[in-house]
Every structure is written in C-alpha cells, then in structure tokens.
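Student: Predicted coordinates and the sequence they were generated for:
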Amino acid sequence: MALFEYPQFCPVSRAAEILGERWTLLVARELTLGPQRFSDLLERLRPISSSVLTKRLADLETRGLIAQRSLPPPAGSAVYELTGSGQALRPVLEEMARFGMRFLFPPRGGAEYTNPEWTLLAPASFARRSAAPPIRVQLDVRHGETRYAFHLEGGEAGTRVREATRPADLTLRFELPFLVPLLSGLADTEQAIASGVLQVEGDRRALPQVPELFEMEFGDTPPPPGAFGPGGP
C-alpha cells in the first residue's frame, strides 16, 4: 500500500504524513527509551494488534525514521531503533508531553499506565527554559534492578539535563514513581525523607528549589494522590 501524502508543499503537511497515523507517535515514544524487540513493543503498546504494529514499523522504516538491527549471540533477535532522522523526533515528543500534561487529569476510565519508564522522559520534557535556580542536582532513580541517573544544572538560560558525570551540590535517590511528583513540586519531600521514599545527600537547602528547575502545567485538574504509582504525591 502506498504511503499517504498531502498535496501540499508544506513542512507541517510532511510531518503530518509521517506522524498522523494512529499509534505512530507512541511507537516513536517507546523507541526514544532505547532499541526494542517487536514483542517488547507489542507489550508496551497494548492493546495494539500485531498487524497494526507491523504496518506502523514498516511505514517508519520506509520513511527512514527507524531501522532494524540484529543482536549478537546469545540473544540473536532483531530490534528496532531510531535513526538520525528518528532521533529528531525527541523535541517533538517533548513538546507534546508539555501540551498533553494539561489534559492528563482527571484520569480516563480504562486508561492503563502500562510502562512506568515513560516517566523517564520527564526531566528533558519539562526542563525550565527561562532562568532557573543556579543549583546542581543529581537524580539517582531506581526502577527494579535498573538505575537511571540525571544531572540537572540551573542557570540564566534555564535548566540543562545531562548524564550524571558532573559534580553536584545535592544528590537525591528514589524509586521511579516519585520522579514526577518531585519535579512538579507536588511531593511532600520532608514526609518522603522521613518515610524513606527519598534519600538525600549534600546541601539540603537546595531541595525546595528542585521543582523550580522545571515547568509542568497540569491544567485545571491537578493529579490525585498516587497518580504516578506507589511513592507518588
């Protein structure tokens, strides 16, 4: 089947041709977290059907946004990953996350929080773009047996999010569901420290300023308690 095309010489129409199909943006979202097998994507994107996923992957591959790669033994399986053009979708997804957060609550009946790793997109998506407190913070985030690290640095130009290989004034350690409540300012950090949800090292005077490194708008309805899982606000 031929790929859909708008009869317009316009970059917005070109983008819409690629991203307007149902599930396409969500496939891209999953691949921003790293290479995925077909079975991984099928699970993360349920209730998508295998036939629809096959079609979306084929279209994205034809467009040059993703490519297949075979893993070396003993895995021996194929994975899908973003190409250079596919990586250019990251800022698009970040802008959509900012916009979509305004309409996320109240929760929609039947909507599943199937992949907690979506939360890992939050630091880059919601980093403040105007002047931010001049603090350096390391976030050590646990998710099962996996650890993720982010280095946050505020300044006149906004907040930079980098790999955690730089000196930090404050280090915060916690489980993944606490990430968005912390960044949004919804969390009671003193209670989280007392209960062991949050571990703090370094200059605690910087802790109240951490949410000021981000800008997260929830619209007219704020998240209810526990909206992001155990350890949430």
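Tutor: It's in. These numbers were taken from a predicted model, which means no experiment stands behind them.
Student: Please identify the helix or strand for residue 67.
Tutor: Here residue 67 sits within strand 66-70, counting by DSSP states H and E.
Student: Tell me the buried residues in that strand?
Tutor: Residues of strand 66-70 classed as buried by neighbour count (16 or more other Cβ atoms under 10 Å): residue 66. C-beta: built from backbone N, CA, C; applies to glycine.
Student: Quick check: can you name the pairing partners of it and their directions?
Tutor: strand 78-82 (antiparallel) (DSSP bridges).
Student: Give the next helix or strand downstream of the partner strand.
Tutor: helix 84-87.
Student: buried stuff in that following helix?
Tutor: Applying a neighbour-count criterion of 16+ other Cβ under 10 Å, one finds residue 86 buried in helix 84-87.
Student: For residue 109, the count of nearby residues, please.
Tutor: Number of residues near residue 109 (other Cβ atoms under 10 Å) recorded here: 5.
Student: What average pLDDT does the strand holding residue 67 get?
Tutor: Per-residue pLDDT values across strand 66-70 average out to 95.
Student: Mind splitting the chain into its structural domains?
Tutor: Domains of the chain are assigned by automatic domain parsing as 11-88, 116-213.
Student: of all those, which gets the most neighbours per residue?
Tutor: Most buried of the domains of the chain by mean neighbour count (mean count of other Cβ atoms under 10 Å) is domain 116-213; its value is a mean of 17.
Student: first to last residue in that domain, what's the distance?
Tutor: Using Cα to Cα, to the nearest Å, one end of domain 116-213 lies 22 Å from the other.
Student: could I get the domains of the chain as JSON lines with distance to residue 104?
Tutor: JSON lines is the format used below for these (distance: least, Cβ to Cβ, whole Å):
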{"stretch": "domain 11-88", "distance to residue 104": "14"}
{"stretch": "domain 116-213", "distance to residue 104": "10"}
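Student: All set now, cheers.
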